[in-house]
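Novice: What would the 3D arrangement of this be:
(one chain, ligands or ions: 1)
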Amino acid sequence: MRIGVLNSGGDCPGLNAVINGVVGAADKLGWEVLGFRDGFEGLLPDGGDYMTLTPDETVAAASLGGTILGTTNKGNFAAKVGEGDVARIPSEIMDKAKENLKKLNVGGLVVIGGDGSLTTALQMSEEGFNIVGVPKTIDNDLQATSMTFGFDSAVSSVVEALDRLHTTAQSHKRVMVLEVMGRHAGWIALWGAIGGGANVVLIPEIDTCIQKVADFIKYREAAGKRSSLVVVAEGAKLQDGKIVTRCEGEASEVSLGGAGDLVARELVRLTDKDVRACTLGHLQRGGSPTALDRVLSARFGVQAVKLIEQKRFGRMVSYQSSEVGSVPIGDAVHQLRLVNPDGEVVQTARALGICLGD
Ligand code: F6P
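Specialist: The predicted structure follows:
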């Protein structure tokens, strides 16, 4: 038996650990694993573009960030175009990939991806490909899994950044604004703000009034707290309910960015404070996965092989109530898992005295 594995879309700490989980579990069954390069694109050249993966190589890579297979969020297999629009993958592309997998005798394909890549995986599964999915995104916004790997690593980098910003903010009695990733979900911002002791967090799920943030900072100042840390999710709705975008770009989704700078400018206008903005950007995606992400990734990879062994194709590995199981891929895509504005995590932030800008 031979199986394939590929990762697609943006990279994410823990990808190599998932690949290692797949290779380890397959090796126990006596199966060979082909790792396709650069996402689905590796399925297209004549004979496929792949490397044969062995536990010796993948064990060494499991603790590293990035992906030994390379990845892309562009190319021939983009099924998700823009926010929420779905395009059919051209039939000649599907046929070529199918032909290659058949020639290579690949009996099952593990697709590690976020919403966009799993939308592609769903189409391929509907076209008869033997696919199982593994949920990947630092944004933690996929339905049908309560956690994705990479999220904990991203939050850890936010917490570390806030620890650093605290000291410089205190020294200069400044307001420091930190913009973090997460697209339309506020998970990274909210968890980062709680973990890193921020004073304000602005998330897409809660309508923000910048005047209220300014008033809160002034109130802190009056109480002798002369520095403040403000975390802004890149997808926060700041301009009459609109998000701030950087450019349309070539990627399947609009590139977000600039929310932190906008908040900083407004706070300069509305307070008499010295304000600086900092964008954490791709530092949240690079580097080694945390211990939690390494373990979760290993469990996801092993579970993916179990699904192939049981011939339960068209399913995605899922984490629910501390257990790794699976759900149909269709249950996981096309709808985002957002922060509940009235939920327990938001209430925790409020109880800690964090202002949510509302
Ligand atoms: O979806 C993961 C993510 O890191 C988002 O949080 C962010 O908006 C986006 O990808 C950045 O994508 P790119 O690497 O294409 O700039």
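
Novice: can we go C-alpha only for contacts and neighbour counts from here?
Specialist: Will do.

Novice: Heading C-terminal from the lengthiest strand in the chain, find the next helix or strand.
Specialist: For the chain, the longest strand by residue count, based on DSSP state E, is strand 106-113. Per DSSP states H and E, the first helix or strand lying C-terminal to strand 106-113 is helix 115-126.

Novice: do the following helix or strand past that next one and the ligand meet?
Specialist: Per DSSP H and E, helix 115-126 leads on to strand 131-135 as the next helix or strand towards the C-terminus. No - with Cα under 6 Å from any ligand atom as the criterion, the ligand is not reached by strand 131-135; the gap is at least 11.7 Å.

Novice: Use 30 as the first number from now on
Specialist: That works, and once the first residue is 30, the last one we named lands at strand 160-164.

Novice: Quick one: distance of strand 160-164 to the chain centre.
Specialist: Per Cα atoms, centre = their mean, to the nearest Å, the displacement of strand 160-164 from the mean C-alpha position of its chain is 15 Å.

Novice: Which secondary structure elements does the next helix or strand after it sit against?
Specialist: Remark: after strand 160-164, the chain's next helix or strand is helix 180-201, criterion DSSP H and E. When contacts are defined as 3 or more Cα pairs under 8 Å, 6 or more residues apart in numbering; DSSP states H and E, helix 180-201 packs onto strand 204-209, helix 216-225, strand 257-262, helix 320-338.

Novice: now for these, which one comes closest to Ile160?
Specialist: helix 320-338 (8.1 Å; Cα to Cα).

Novice: Need the residues that contact the very next helix or strand once past that closest one.
Specialist: Per DSSP H and E, the first helix or strand lying C-terminal to helix 320-338 is strand 344-349. Identification of contacts with strand 344-349 by Cα atoms under 8 Å, 6 or more residues apart in numbering yields 160-164, 173-177, 329, 332-333, 336, 353-358, 361.

Novice: again, but for stretch 184-200
Specialist: Under Cα under 8 Å, 6+ apart, the answer for stretch 184-200 is 204-205, 207, 209, 217-218, 220-222, 224-227, 255-258, 309, 312-313, 319.

Novice: Just the CA trace of it, in CSV.
Specialist: Taking Å, rounded to 0.1, in the frame of the first residue of the first chain, the C-alpha atoms of stretch 184-200 are listed here in CSV:
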residue,chain,number,x,y,z
VAL,A,184,-0.7,32.7,20.5
SER,A,185,2.6,32.0,22.2
SER,A,186,4.4,34.4,19.8
VAL,A,187,1.7,37.1,20.6
VAL,A,188,2.2,36.5,24.3
GLU,A,189,6.0,36.8,24.0
ALA,A,190,5.6,40.0,21.9
LEU,A,191,3.4,41.5,24.6
ASP,A,192,5.8,40.6,27.3
ARG,A,193,8.4,42.6,25.4
LEU,A,194,6.1,45.5,24.6
HIS,A,195,5.1,45.8,28.3
THR,A,196,8.6,46.9,29.4
THR,A,197,9.2,49.4,26.7
ALA,A,198,5.6,50.8,27.1
GLN,A,199,6.1,51.2,30.8
SER,A,200,9.5,52.9,30.4
